[in-house]
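Chemist: Build me a model from this:
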Amino acid sequence: MALVASIAFAIIGWRSARDRRNHRAFWISARRWPTAPGKILDAGIDLVTISVKDHGPVSIDTLYRPKVAYSYPVRGHVYAGSMFDCRDGAGETRASALLQISPYKTGNSADIAYDPDDPRISVLARARAPREIVDSALSMYLGYFGALFMFAMSLRILT
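Modeler: Got it, this is the predicted structure:
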């Protein structure tokens, strides 16, 4: 049983690490992208609801995601985008999401970072929150340590 659990932990750890590594690589790449002067088309927040059932009644959590639509010209073409930042998921409070979008008013200009290899890919805010660095590190290594622990325990049980 411990061997099966260690394999499951290894797979989960590998997938989590791969996803976080790709996410981090994208973010590091985006921080070096050139920028173009863009125009804010719309700014607001998206509501994300999540149903959670923990041994009792279902609870519904409401999270908020900053959403800003913009357009920007690159080499004679005008592109549109809505990626606010490179963080995945939504976990903001309403006040935090409103604070993040407060500098972006409809009609205002903003610098839009775009991928020079594919200008259709863009991002508005490139600064990383410190908690994301910790989250990335935990996500990458927790599965690996769990897998190693379970594997070591399975070897000990078998011997």
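Chemist: low-scoring stretches of the chain, by residue?
Modeler: The model of the chain has pLDDT under 70 over residues 1-3, 5-6, 9, 13, 53-54, 86-91, 127-144, 146-147, 150, 154-159.
Chemist: May I ask you to name the longest strand in it?
Modeler: Longest strand in the chain, counting residues (DSSP state E): strand 35-53.
Chemist: Can you list the buried residues in that one?
Modeler: Neighbour counts over strand 35-53 (16 or more other Cβ atoms under 10 Å) mark 36, 38-40, 43, 45 as buried. C-beta here means a position set from N, CA and C on the backbone, and glycine is covered the same way.
Chemist: quick one: strands adjacent to it?
Modeler: Strand 35-53 has the following strand partners under DSSP bridges: strand 58-74 (antiparallel), strand 109-114 (antiparallel).
Chemist: CA atoms only for it, dumped as PDB, please.
Modeler: C-alpha atoms of strand 35-53 as PDB (Å, rounded to 0.1, in the frame of the first residue of the first chain):
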ATOM      1  CA  THR A  35       6.200  46.700 -24.200                       C
ATOM      2  CA  ALA A  36       3.900  48.600 -26.400                       C
ATOM      3  CA  PRO A  37       1.700  51.600 -25.600                       C
ATOM      4  CA  GLY A  38      -1.800  50.200 -25.200                       C
ATOM      5  CA  LYS A  39      -5.300  51.400 -24.400                       C
ATOM      6  CA  ILE A  40      -7.500  50.100 -21.600                       C
ATOM      7  CA  LEU A  41     -10.800  48.900 -23.200                       C
ATOM      8  CA  ASP A  42     -12.500  47.700 -20.000                       C
ATOM      9  CA  ALA A  43     -11.600  47.100 -16.300                       C
ATOM     10  CA  GLY A  44     -13.500  45.100 -13.700                       C
ATOM     11  CA  ILE A  45     -13.400  42.000 -11.600                       C
ATOM     12  CA  ASP A  46     -14.700  38.500 -12.400                       C
ATOM     13  CA  LEU A  47     -16.500  36.500  -9.700                       C
ATOM     14  CA  VAL A  48     -15.400  32.900  -9.300                       C
ATOM     15  CA  THR A  49     -17.400  30.600  -7.200                       C
ATOM     16  CA  ILE A  50     -16.100  27.300  -5.800                       C
ATOM     17  CA  SER A  51     -18.300  24.600  -4.200                       C
ATOM     18  CA  VAL A  52     -16.500  22.900  -1.300                       C
ATOM     19  CA  LYS A  53     -17.900  19.800   0.500                       C
END
